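Enquirer: For reference, the sequence and a predicted model appear below.
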Amino acid sequence: MQRHTTALAALALGLIATAAQADAVRTEKNMSLELANQIAARAVAACAADGYAVTATVVDRAGGVRAVQRADNAGPHTLEASRLKAYTSASAKNSTLAIMEGAQKNPGAANLVNIPGYLLLGGGLPVKAGNEVIGGLGIGGAPGGHLDDKCAQAALAQVQDLLK
């Protein structure tokens, strides 16, 4: 009987170790440098078509910068604004315009502005492969966050086939 109990205990420990090992390594989607550059270029072009000189920053799922493109005549502040919007949207897995509007309507959410690296202005969108957020796009420089957001939407719409 004791041998049977010992064998069951060993089997249980083996199964637990196997399950722990299976969860130890994850596979995640991420974006290539080529895709990040395409998104940034299309974002700058979308805003340029409307007459806005902007900077577009693309970050990966962890918030690390993958690509930056700054249009001629884009202000120096647009570099940091676009990076922070991209980071915020990738981190929160939501558009910065939606986050900003939610914070304005909900006094409890106003504390989001205190999170280091968060910028609650329109112009940041999560980059998704299917339903999985693989990064963020941030645009800064148009005369209003809603216009930055419009350019970001246009850029991501152009690369949808690459995000499947």
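Expert: Sure, I can see it.
Enquirer: L156 against P126, yeah?
Expert: No - counting by C-beta atoms under 8 Å, L156 does not reach P126; the two are 9.1 Å apart. Backbone N, C-alpha and C define where each C-beta goes, glycine included.
Enquirer: Need the overlap of contacts for those two.
Expert: L137 (C-beta atoms under 8 Å, 6 or more residues apart in numbering).
Enquirer: V127 touches A152, doesn't it?
Expert: No - the pair formed by V127 and A152 falls short of the contact definition of C-beta under 8 Å, at 9.6 Å.
Enquirer: For these two, indicate the residue with more neighbours.
Expert: Neighbour count, other C-beta atoms under 10 Å: between V127 and A152, A152 has more, with 34 against 27.
Enquirer: pretty sure the more buried one contacts A40?
Expert: No - A152 lies out of contact with A40 (C-beta under 8 Å); the separation is 10.6 Å.
Enquirer: tell me, what's touching these two both at once?
Expert: Residues touching both A152 and A40 by C-beta under 8 Å, 6+ apart: 56, 137.
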